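J.: prediction below, plus the sequence it came from.
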Amino acid sequence: MNFLKNSIKIGALLMFGAIYAQQQPNYALYRYTMNAINPAYAGADGVSRLTANFRSQWVNIEDAPETQTLFFETSLNDKVGLGLSVVNDDVYANQNTTFMVDFSYKLQLNESTDIFLGLKGGGSVYSFISSDLANNAFPVDPAINNIDTGFRPNIGAGAYLVHDKYFISLSIPSILLSERINLNENGVVTTVNEKTHFYLSGGYNIDLATDWEFRPSTMIRAVSGSPVSADLTAAFRYNERFELAPMYRTDGGWAGTMMFNLSDWMDLGYAYEGSSREVLNNSNDGTHEIMVRFNF
């Protein structure tokens with residue numbers, strides 16, 4: 001039994017090690033966490049807002065990914081928005097905390113359409129826990145001793161087109177690239193270079209009845225050396241108070257999401273994700289994501 005558990009754990013670790021090398025954190029509630037990847041969203045709604053998102057991936061697999069995201073946004077005036085985001089990403093032996101300041105500027109195209117252009121600047125503190133490698137007896141590439149684990153500056157950019165009924169978002173949250181630790185397909189701990197990530201998202205709002213709205217959307221992620229991944233979401237909103245949505249991820253995942261507007265100043269969101277990969281379904285209790293948003 002212990003051999004089986006260890007085999008499942010090692011297989012899962014290798015799987016999410018490869019994923020981590022190729023992709024930055026994903027969010028099932030992506031329509032409400034766009035500030036984490038696109039600086040153009042800062043202050044775009046004309047309100048001040050504080051959002052916290054907690055994502056625990058593959059519960060009951062030891063050392064599985066954990067991501068905590070916090071961002072604040074506000075509009076300084078009718079044209080300029082400002083934001084601050086903090087993302088802490090913990091994947092096996094890797095720990096990365098990113099601090100970014102966002103700036104956005106609005107251009108009005110017509111009475112019903114605006115485009116926001118954004119810049120993101122800051123950096124991250126990266127470290128790895130060598131004891132995690134030793135505990136699992138993975139072969140280690142000596143090159144990991146040369147990785148810079150200090151502060152790493154970074155910049156990003158994005159654009160956000162918003163209409164009364166639809167939106168389109170394009171962003172590159174991290175332009176400057178660096179090295180980090182990875183588990184390769186042979187179970188050897190090596191160094192890898194990060195790749196530039198591109199995010200394209202869009203959605204449409206369709207009135208179904210007096211109190212019902214259909215809100216389909218998608219999030220497409222592209223990175224060199226990895227297949228393009230897309231989330232396809234079909235959300236139904238009732239009376240602007242409750243939203244329920246199934247989601248399908250093209251690289252082998254699915255999710256169910258819920259959003260509750262508890263009051264004018266507070267929203268609560270939850271998502272549960274599963275996988276089509278048998279090795280994961282047999283060894284974990286799914287992925288859980290919780291979001292709390294405060295409007296000022």
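T.: Alright, I've got the coordinates. Worth saying up front: this structure is predicted, and the values here are computed from it rather than measured.

J.: wait, doesn't residue 91 sit right on residue 61?
T.: No - the pair residue 91 / residue 61 is not scored as a contact, 11.5 Å apart, by Cβ atoms under 8 Å. The way it works is simple: take the backbone N, C-alpha and C, and place the C-beta from them, glycine included.

J.: same drill for these two, tell me which one is more crowded.
T.: Per other Cβ atoms under 10 Å, whichever of residue 91 and residue 61 has more neighbours is residue 91, with 25 against 18.

J.: would you check how far apart the more buried one and residue 24 are?
T.: Separation of residue 91 from residue 24 (Cβ to Cβ, to the nearest Å): 11 Å.

J.: please apply the same query to residue 47.
T.: 27 Å.

J.: please apply the same query to residue 105.
T.: Applying Cβ to Cβ to residue 105 and residue 24 gives a distance of 25 Å.

J.: cool, residue 227 as well?
T.: As judged by Cβ to Cβ, residue 227 and residue 24 stand 15 Å apart.

J.: higher neighbour count, these two?
T.: residue 24 (20 against 11).

J.: now the strands for the stretch 51-200 of the chain?
T.: With DSSP state E, counting those that start in this stretch, the ranges of strands along the stretch 51-200 of the chain come out as 66-75, 80-91, 94-110, 113-128, 151-163, 166-172, 179-183, 189-193, 197-204.

J.: what's whichever helix or strand comes after the last one packed up against?
T.: Past strand 197-204, heading to the C-terminal end, the next element that is a helix or strand (DSSP states H and E) is strand 206-207. Helices and strands in packing contact with strand 206-207 are listed as strand 212-223; criterion 3 or more Cβ pairs under 8 Å, 6 or more residues apart in numbering; DSSP states H and E.

J.: mind checking what helix or strand follows the strand it packs on in sequence?
T.: With DSSP H and E, the next secondary element past strand 212-223 is strand 226-238.

J.: check contacts around residue 271.
T.: Shown in contact with residue 271 (Cβ atoms under 8 Å, 6 or more residues apart in numbering): 28, 29, 247, 255, 256, 257, 258, 287, 288, 289.

J.: TSV for those, including neighbour count?
T.: Below are these laid out as TSV (neighbours: other Cβ atoms under 10 Å):
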residue	neighbour count
28	29
29	24
247	22
255	21
256	14
257	24
258	15
287	22
288	16
289	23
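
J.: which one of those residues is nearest to residue 56?
T.: residue 288 (5.1 Å; Cβ to Cβ).

J.: so which strand or helix has the closest one?
T.: Secondary structure assigned from DSSP H and E places residue 288 in strand 287-295.

J.: quick check: the gap between residue 52 and residue 112.
T.: Residue 52 is 32 Å from residue 112, by Cβ to Cβ.

J.: ok, the two, which is more surrounded?
T.: More crowded of residue 52 and residue 112, by other Cβ under 10 Å: residue 52, with 15 against 10.

J.: show me the beta-bridge partners of that one.
T.: residue 70, residue 292 (DSSP bridges).

J.: ok, it touching residue 291?
T.: Yes - here residue 52 lies in contact with residue 291, judged by Cβ under 8 Å, at a distance of 7.0 Å.
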